[in-house]
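1. Sequence first, predicted coordinates after that:
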Amino acid sequence: MILGFSVDDLLPRARGGGVLKMGLAKLDESEWLQPNPDVAARAEGFAAYPAGIQISPDGEVPGAELAKMLGLSGGLPEAATAHHEDMCLLTLRPGDEQYRLVGAAVAWPSDWTPADKLGLPLRALHAPIQGYEEQLASGVDHFMAKLKAGAIYGRCNWFIAATPERRWVAEPPEIAFAHVSPENAGETLFVRSERQTLRRLPETGAILFTIGIYVSPLAALSRGNQLRLSEAMQGLLDGEGDRRGAGQYADALIQFVKKRHRDIS
């Protein structure tokens, strides 16, 4: 398994700071979607956040194609409700140079609002991401243009959050992490990883972008992953620290990991 289905499995391959890279790995069909989704949790997620479903007219036909491909009736909402992954559809309109978001079924967004993004082209979609335009935009555009039907690619990332909730709305860091200390960081800091895949639908040519959300308290991670995160903190502070609020939790995380592994070594 190239990309697993837990924070512990994903972290060794996940991007969490530094220079932006697509970091894609080619996946087999069996590695595409989580094999045993909690469909009750998915239904609850969409019931709690109905605004997570946004579909433009351009997204209806690709959504129906996706559902049929997955052995389902309906469209994009039914596909996402039946699987662990949130799902987004992107298409290229005649005369456009960038794919744009035409459908989203997102129960567990990572601090974004589908209604605000529907209809936007890729570069506008990623505008809040520091360095995207300079470091990654051209590469993403090229990849999307060349992606063949049948091929599946995946990548993953990680964030530090102050909540285990899978639908994450970030608060100002000085508020979100105000309660975090080196003593309690293992239970109050949560590592959130997105397992993302890209695949072109064969009939409509739309591109499906899936986002599988996995969350774990820092203390529950393996020793290797705790040390990996501690080592990553300085690079995060030097790069995307302001956007991610790393200055509010990095020292607590580092001190927690240092004490935890001094005590057990």
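-> Cool, got the structure. Numbering: from 1, shown residues only.

2. where do the strands sit along the stretch 151-265 of the chain?
-> For the stretch 151-265 of the chain, applying DSSP state E, counting those that start in this stretch gives strands covering 152-161, 190-200, 207-217.

3. nearest residue to residue 32 other than its sequence neighbours?
-> Closest residue to residue 32 apart from its sequence neighbours, by Cβ to Cβ, 6 or more residues apart in numbering: residue 152 at 5.3 Å. Backbone N, C-alpha and C define where each C-beta goes, glycine included.

4. again, but for residue 208
-> In space, residue 208 is closest to residue 199, 5.0 Å off (Cβ to Cβ, 6+ apart).

5. now for the strands of the stretch 151-265 of the chain, which one comes closest to residue 70?
-> strand 207-217 (10.2 Å; Cβ to Cβ).

6. angle of that closest one against strand 152-161?
-> Interaxial angle of strand 207-217 relative to strand 152-161 (axes from the mean of the first three to the mean of the last three Cα atoms, to 10 degrees): 40 degrees.

7. buried sites along stretch 51-62?
-> Buried residues in stretch 51-62, defined by neighbour count with 16 or more other Cβ atoms under 10 Å: 52, 53, 54, 55, 58, 59, 61, 62.

8. repeat for stretch 33-51
-> So, applying 16+ other Cβ under 10 Å, buried residues of stretch 33-51: 33, 34, 37, 42, 45, 46.

9. Restricted to helices, list the residues you listed.
-> 42, 45, 46 (DSSP state H).

10. Pick out whichever of these sits closest to residue 181.
-> residue 45 (31.0 Å).

11. can I assume the closest one is in contact with residue 107?
-> Yes: under the criterion of Cβ atoms under 8 Å, residue 45 makes contact with residue 107 at 3.1 Å.

12. now the stretch 1-150 of the chain, which segments are flagged as low pLDDT?
-> The model of the stretch 1-150 of the chain has pLDDT under 70 over residues 16-22, 126-139.

13. in it, which spans are strands?
-> Along the stretch 1-150 of the chain, the stretches classed as strands by DSSP E, counting those that start in this stretch are 25-27, 53-55, 86-91, 100-105.

14. what about the residue nearest to residue 208, neighbour count?
-> Number of residues near residue 199 (other Cβ atoms under 10 Å) recorded here: 23.

15. Settle this for me: it is touching residue 207, isn't it.
-> Yes: Residue 199 lies in contact with residue 207 (Cβ under 8 Å); the separation is 7.1 Å.

16. Overlap in contacts, residue 45 and residue 107.
-> 52, 166, 167 (Cβ atoms under 8 Å, 6 or more residues apart in numbering).
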